[in-house]
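Participant: how would this look folded up:
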Amino acid sequence: MALWRAYQRVLAAHPWKVQILTAGSLMGLGDAISQQLVERRGLREHQTRRTLTMVSLGCGFVAPVVGGWYKVLDRLLPGTTKVDALKKMLLDQGGFAPCFLGCFLPLVGTLNGLSTRDNWAKLQRDYSDALITNYYLWPAVQLANFYLVPLHYRLAVVQCVAVIWNSYLSWKAHQL
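Facilitator: Numbers count the residues shown, from 1 in each chain. Predicted structure coming up:
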């Protein structure tokens with residue numbers, strides 16, 4: 001509980017910095033879980049560069065884009081009722097999620113050195129599966145998030161759930 005209170009204090013004092021560091025840390029954790037538990041690489045075969053790439057994506061792409069999206073979404077739909085939460089979830093999952101995945105997957109490919117042709121082929125191969133998998137997890141999470149969680153905690157809540165999602169995305173993005 002003391003750790004949570006400390007997190008709240010630092011978040012209140014430096015919201016953007018904390019959200020960026022939280023997203024980066026949890027993206028890295030998701031990749032480590034992917035490599036160790038899903039792919040069973042072991043510590044000797046762990047690809048540290050890949051984990052650092054995912055941390056960088058969390059800090060430089062996920063946090064600013066998702067955090068900014070939540071602010072825009074709250075301005076577009078400022079209410080907190082169940083109907084407002086449902087509208088936010090539908091806009092998030094119907095508009096934002098497809099665009100986010102369409103940017104995230106090729107960004108990972110680019111950072112991993114894929115050629116434009118290989119990156120395009122990988123996007124065509126993986127995008128639909130990733131989006132469908134997204135719909136198994138995120139609508140329920142986002143509905144609860146938009147209804148129950150204050151704006152300044154939404155990115156952290158999503159990133160905690162996203163440790164599992166990030167493990168999947170890291171695995172999907174790094175399959176050749």
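
Participant: Residue 109: how many residues sit nearby?
Facilitator: Neighbourhood size, residue 109 [other Cβ atoms under 10 Å]: 22. All C-beta atoms are positioned from the backbone trio N, CA, C, and that covers glycine.

Participant: for residue 54, same thing?
Facilitator: Residue 54: 28 surrounding residues under other Cβ under 10 Å.

Participant: wait, it sits on residue 30?
Facilitator: Yes: between residue 54 and residue 30 there is a contact under Cβ atoms under 8 Å: 6.8 Å.

Participant: residues shared between the contacts of these two?
Facilitator: 166, 170 (Cβ atoms under 8 Å, 6 or more residues apart in numbering).

Participant: who's in contact with residue 39?
Facilitator: Taking Cβ under 8 Å, 6+ apart, we find residue 39 in contact with residue 171.

Participant: per-residue pLDDT, it?
Facilitator: pLDDT for residue 39: 89.

Participant: Backbone torsions only: list them for it.
Facilitator: phi -90, psi -10 (degrees, to the nearest 10).

Participant: Pull out the buried residues from the helix or strand of the chain with the lowest mean pLDDT.
Facilitator: Least confident helix or strand, the chain: helix 151-174 with a mean of 82, by mean pLDDT, DSSP states H and E. Going by neighbour count (16 or more other Cβ atoms under 10 Å), the buried part of helix 151-174 is 152-159, 161-163, 165-174.

Participant: tell me what it is packed against?
Facilitator: When contacts are defined as 3 or more Cβ pairs under 8 Å, 6 or more residues apart in numbering; DSSP states H and E, helix 151-174 sits against helix 2-13, helix 15-33, helix 48-57, helix 63-76, helix 97-111, helix 116-148.

Participant: What distance do you get for the residue lying farthest from the centre of the chain to residue 33?
Facilitator: Going by Cα atoms, centre = their mean, the residue of the chain most distant from its centre is residue 44, 26.9 Å out. Going from residue 44 to residue 33 by Cβ to Cβ, to the nearest Å gives 17 Å.

Participant: Next: residue 138.
Facilitator: 18 Å.

Participant: Can you list the low-confidence ranges for the protein?
Facilitator: 176 (pLDDT under 70).
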